[in-house]
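**Q** below is the structure, and that's it, no one-letter string:
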């Protein structure tokens, strides 16, 4: 029997969602998460990339979602070797080497281990209720295919203490023809889930080709949009980079791919990270009828595309 395919969004508190998707009366953090969880059964927690999660906040997430809900949690930047400003750290962790821009710079391994420990401990409410999905380890483009990177992946997995590790690469070297088999073999041997990306194919080294591969019991796809014009833009927000509304044809192309993944795994997740807003021709079966702060015919891309994909998957 094929695995279930669960569809969701890579945030529930995104600015576009708060201004375009949620009804006018849904304003508090609690109301938004409950509203989201009535429509989707899986989400990514994105705020944890910017700051270590607070245990009381995770307790709230757990209490505000149904029993069968799954929350994947994005790793804090220090865990994935991203540049993190000192002020993003708890006050007692700010005594650490920094670069000229005040960002954590090559901290000792023991320091990273403490960050992993606090991150892990904070997620216990989700873990205890069976709602914790995987830990999204999204690595920056300068983490490339080389022995030291493999060593870090293995070490980081140990620091997760048994939590599922979802690995998203952002440098094409991992899937170069001469490296692809080794990369996938390593992930499979260690039970790490390869995160499939749907992104603009710019031929740049900071975007991977779209390879639908499963290396663990979990199939995982992140839809970043296909906006080649903004992918490498140095200015503007992340919403500008991921500003893209998938067409029906583009999403229908994914239906057989997702079903193939479902035949190879225990669960498949299709998560939408396109976080802008778009005009959609009305009337459309995918356009919300609730009153929001948006202009008529304007939709939030991620939940709209997620609902589209859910419908296409249910058609046959």
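**A** It's in. Everything quoted here is computed from the prediction, not taken from an experiment.

**Q** residue contacts, the nearest residue to residue 209 once chain neighbours are set aside?
**A** Taking CB to CB, 6 or more residues apart in numbering, and ignoring the residues beside it in sequence, residue 209 has residue 175 as its nearest neighbour in space, at 5.9 Å. All C-beta atoms are positioned from the backbone trio N, CA, C, and that covers glycine. Residue 175 is in contact with 169, 183, 208-209, 211, counting by CB atoms under 8 Å, 6 or more residues apart in numbering.

**Q** next one: residue 175 from residue 189, what distance?
**A** Residue 175 sits at a distance of 17 Å from residue 189 (criterion: CB to CB, to the nearest Å).

**Q** measure the residue nearest to residue 209 to residue 197 for me?
**A** Here the distance between residue 175 and residue 197 works out to 10 Å (CB to CB).

**Q** okay, and the common contacts of those two?
**A** Shared contacts of residue 175 and residue 197, defined by CB under 8 Å, 6+ apart, comprise residue 208.

**Q** so where do the strands sit in the chain?
**A** For the chain, the strands defined by DSSP state E occupy 5-9, 42-45, 70-74, 132-138, 164-168, 193-198, 218-223, 267-272, 277-279, 298-300.

**Q** just the mean pLDDT for the third one, thanks.
**A** Averaging the model's pLDDT scores along strand 70-74 yields 98.

**Q** please state the offset of it from the chain centre?
**A** 8 Å (CA atoms, centre = their mean, to the nearest Å).

**Q** for the residue found closest to residue 107 once you drop the neighbours it is linked to in the chain, the count of nearby residues, please.
**A** Nearest residue to residue 107, sequence neighbours excluded (CB to CB, 6+ apart): residue 96, at 5.1 Å. Neighbourhood size, residue 96 [other CB atoms under 10 Å]: 17.

**Q** phi, psi for residue 96 please.
**A** phi -150, psi 150 (degrees, to the nearest 10).

**Q** quick one: it and residue 90 touch, right?
**A** No: using CB atoms under 8 Å, residue 96 makes no contact with residue 90, being 11.1 Å away.

**Q** can you give me the helices for the chain?
**A** Per DSSP state H, the chain carries helices over the ranges 15-16, 29-37, 55-63, 109-122, 124-128, 147-159, 180-189, 228-231, 238-241, 248-252, 254-262, 301-315.
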